[in-house]
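*Asks:* Okay, sequence plus prediction incoming.
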Amino acid sequence: MPRTASTHDMIARPSIPTVARSPVAARAAVFIDQDGALLNPLQPNADPTQLRFRTGACDSLAALAATGMALIVVTNQSGLSLGRFTRWEFSQLQAVLERHLSEAAGITLTDFVVCPHTPTAGGQPACLCRTPAPGMLIRAARAHRIDLAASWMVGDTLDDIEAGRRAGCRALLLDTGRETKWRRSPLRTPHSSCTGWEAVTPLILADRHSRLPLGESTAALKG
């Protein structure tokens with residue numbers, strides 16, 4: 001049975017805090033933005049028949065999972081609070097997504113985290129979970145003993161990059177053409193970038209290998 005999406009109804013704050021560590025560091029993770037990075041962009045109606053994975057995404061995630069990294073989907077879904085679709089309708093899309101990952105690549109997600117909140121009129125988060133806020137990543141890290149400093153955020157916009165950096169992760173921009181505003185700042189600068197999933201796994205594993213103690217790198221990369 002697919003898990004029910006985690007929705008984090010956090011209290012809004014006037015500013016977005018920067019938090020860089022989970023309380024107990026144990027396992028590296030890859031946080032993946034759903035719409036645009038993992039999936040081709042969807043219409044805002046949570047129709048499972050429209051679900052299409054980005055080319056190479058499943059194979060790349062399977063390779064990362066084989067090294068022992070947790071895979072966690074994080075996604076802004078303001079359509080829930082706007083009434084464009086119900087939680088039940090979104091759960092059907094989630095079930096199809098998780099079933100496809102399992103059947104196509106043997107992947108089981110560690111978590112699937114959803115922010116249901118709408119942004120402010122100016123487009124900024126009105127909560128602590130909607131990206132570019134880091135709340136979804138931090139809460140998942142606490143729940144699953146994730147070492148944020150050893151983890152990556154993969155997204156297709158600079159809001160995803162900022163969320164990853166604020167959480168203390170390294171951040172990879174999957175440049176699919178969806179980022180159009182390019183509001184630059186140190187927090188919105190990716191550690192790496194590429195245009196397709198075929199490059200994601202080599203980039204992440206090369207970084208992981210370079211940071212492992214001597215003697216552990218080969219065993220860790222083999223899983």
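*Replies:* Structure's in. What do you need?
*Asks:* State the distance from Phe53 to Gly122.
*Replies:* Plainly put, Phe53 is 33 Å away from Gly122 if you go by C-beta to C-beta, to the nearest Å. No exception for glycine: its C-beta is placed from N, CA and C like everyone else's.
*Asks:* between these two, which one's more packed in?
*Replies:* Legend: neighbour count by other C-beta atoms under 10 Å for Phe53 and Gly122, higher for Phe53 (17 against 6).
*Asks:* Distance of that one relative to Glu98?
*Replies:* Distance from Phe53 to Glu98, counting by C-beta to C-beta: 12 Å.
*Asks:* show me what contacts the spatially closest residue to Ile146 that is not a sequence neighbour?
*Replies:* Counting by C-beta to C-beta, 6 or more residues apart in numbering, the nearest residue to Ile146 once its immediate chain neighbours are dropped is Ala29, at 4.6 Å. With contacts taken as C-beta atoms under 8 Å, 6 or more residues apart in numbering, Ala29 has the following neighbours: 69-72, 110, 140-141, 144, 146-147, 151-152.
*Asks:* which of those lies closest to Ala46?
*Replies:* If you rank the contacts of Ala29 by distance to Ala46 using C-beta to C-beta, Ile72 comes first, at 19.8 Å.
*Asks:* Buried residues, the longest strand seen in the chain. List them.
*Replies:* For the chain, the longest strand by residue count, based on DSSP state E, is strand 70-76. Using 16 or more other C-beta atoms under 10 Å as the burial criterion, the residues of strand 70-76 that qualify are 70-76.
*Asks:* Any stretches of the protein with poor pLDDT?
*Replies:* By pLDDT under 70, the low-scoring segments of the chain are 1-25, 180, 212-223.
*Asks:* Tell me which residue is most central in it.
*Replies:* Closest residue to the average C-alpha location of the chain: Ile32 at 2.5 Å, with C-alpha atoms, centre = their mean.
*Asks:* pretty sure Ile32 is touching Val73, no?
*Replies:* Yes - Ile32 is in contact with Val73 according to C-beta atoms under 8 Å; the separation is 5.3 Å.
*Asks:* Please identify the helix or strand for Val200.
*Replies:* Here Val200 is covered by helix 200-211, with elements defined by DSSP states H and E.
*Asks:* Show me how far the following helix or strand past the longest strand of the chain is from its chain's centre.
*Replies:* Once strand 70-76 ends, the next helix or strand along the chain (criterion: DSSP H and E) is helix 79-82. Taking C-alpha atoms, centre = their mean, to the nearest Å, one finds the center of helix 79-82 at 20 Å from the center of the full chain.
*Asks:* just checking, what's the longest helix in the chain?
*Replies:* Among the elements of type helix in the chain, defined by DSSP state H, the one spanning the most residues is helix 87-105.
*Asks:* tell me which of the contacts of Ala29 is nearest to Glu89?
*Replies:* Closest to Glu89, out of all of these and judged by C-beta to C-beta, is Ile72, at 22.1 Å.
*Asks:* What segments of the protein are strands?
*Replies:* Counting by DSSP E, residue ranges of the strands within the chain are 6-7, 29-33, 70-76, 111-115, 152-155, 170-174, 192-194.
*Asks:* Pull up the pairing partners for the fourth one, direction included.
*Replies:* Okay, so that is strand 111-115. Using DSSP bridges, the strands paired with strand 111-115 are strand 6-7 (parallel), strand 70-76 (parallel).
*Asks:* Name the residues of that strand that are buried.
*Replies:* Within strand 111-115, the residues that qualify as buried by neighbour count (16+ other C-beta under 10 Å) are 111-115.
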